[in-house]
Structures are given as C-alpha cells and as structure tokens.
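Participant: let me see the structure of the following:
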Amino acid sequence: MDDKQKTFNYLKHGFTQDDVLVRIIPLQKKSIAHDIMVYGINDKDKTVDINEMYRWGVGYREGMELDYPELLTGDYFSCDPYLGHGSDLDDLCSVDFSYNGEWSDEEKQDFEDKWYNGDPDDDDGRSGMGWLMDWQDQWEVEQEEITINGPVRLDIVDKTEYNKVFIEDYKPQQEEDNG
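Facilitator: Here you go, the predicted structure:
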C-alpha cells in the first residue's frame, strides 16, 4: 500500500497515526501481567524480577505501528506501562518474585512483606509499586512492561482524549507480498 493510500485510509476514519494509540485488550482471563525488574541501589548485584498476573487490563502501543501490521498480530504483546490512558489492571491473582545475587531468606521475606504490606514506618501504607516508587530508597526500577498473551482485541483510540474510540475491534491488514 502506498503512502497516499495509507494517509487516505487514516483520514477517512478521522485520524492520523500520530493522533492515536492501539489499545490491546486480552480476551481471556489471566492473560495480562505487569513485569518489573529492580536492582539494589547500594548493591547492584542484587536484583529481583517481579511478575504480577492480573485477570483483566489493557495495554497500549503507538499509532505508528498501524504502518507495520505485522507488529499488531500474533499471540504476545509487550507494552510500555507509561503509554496511553493507564493499563487499568484489575484483580491481581498472583505475584512471583525471582531473586538474583546473594539474598538471604530473611532479605527475601522482608522485600516480599514490604511489597505486599508496605513499610510499617510509612503512614500512608503504600505497598507494591506505590511502596517501590514513592516510599523506599534502596531499590531502583531497571525495566518495566505490561505483557499480554493473545487472543486480543485491538481498538484504535485517541492519544489525548480518554475513551474516544475511532475503530473498535480493529483488524490489521497484512501487506500483500508482490514477490
């Protein structure tokens, strides 16, 4: 498909790829996870990977991926948790911790207790990501992503206006092979 045709297709729907995001919604329960990798600020050899599995939620990809339909097909999607209107993760059903480096059983237990229950010295009682990002000063996030396993539904949504949907249940058109 040439650039003029792509531009026409976008405009007939009332948007350009710069105006939109692709919202990815899993169609099955327990198909969306929040993955966080952290390392110790004072001991960089200590790391922990945290995987939170949720029953429901959404992820987002950039609108420019509409030009590359192969990026929007398949059974696995990795999404930036800071892109879009929020991942709306709902109904946490499991948390797994994977420790790397020299950790004692007591250190692992302390980390998990604070993850689940917050720091007893925190009057606001923050736990999970709230504890990690807003309270403690021993850990730094190295990488964070939302992962979604298919099947999924794709919606084309406005980048700035929450819940404005241009195309619901978008089906990417595969590029024709002219070889």
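Participant: for the longest helix seen in the chain, packing partners?
Facilitator: Of all segments of type helix in the chain, defined using DSSP state H, the longest is helix 105-117. When contacts are defined as 3 or more CB pairs under 8 Å, 6 or more residues apart in numbering; DSSP states H and E, helix 105-117 packs onto strand 90-100, helix 128-134. Using the backbone N, CA and C atoms, a C-beta is placed for each residue, glycine as well.
Participant: list the buried residues of it.
Facilitator: With burial defined by 16 or more other CB atoms under 10 Å, the residues of helix 105-117 counted as buried are 111, 114-115.
Participant: check the offset of it from the chain's centre.
Facilitator: Using CA atoms, centre = their mean, to the nearest Å, the mean C-alpha position of helix 105-117 is found 24 Å from that of the whole chain.
Participant: using PDB, write out every CA atom in that helix.
Facilitator: What follows is helix 105-117, C-alpha atoms only, in PDB (Å, rounded to 0.1, in the frame of the first residue of the first chain):
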ATOM      1  CA  ASP A 105      15.900 -15.900  53.200                       C
ATOM      2  CA  GLU A 106      15.300 -13.000  55.700                       C
ATOM      3  CA  GLU A 107      16.000 -10.400  53.000                       C
ATOM      4  CA  LYS A 108      13.700 -12.100  50.600                       C
ATOM      5  CA  GLN A 109      10.900 -12.200  53.200                       C
ATOM      6  CA  ASP A 110      11.500  -8.600  54.100                       C
ATOM      7  CA  PHE A 111      11.200  -7.500  50.500                       C
ATOM      8  CA  GLU A 112       8.000  -9.500  49.900                       C
ATOM      9  CA  ASP A 113       6.500  -8.300  53.200                       C
ATOM     10  CA  LYS A 114       7.000  -4.700  52.100                       C
ATOM     11  CA  TRP A 115       5.800  -5.400  48.600                       C
ATOM     12  CA  TYR A 116       2.600  -6.900  49.900                       C
ATOM     13  CA  ASN A 117       2.000  -4.800  53.100                       C
END
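Participant: what lies in contact with it?
Facilitator: With contacts defined as CB atoms under 8 Å, 6 or more residues apart in numbering, helix 105-117 is touched by 48, 50, 95, 97, 99, 127-128, 131-132, 136.
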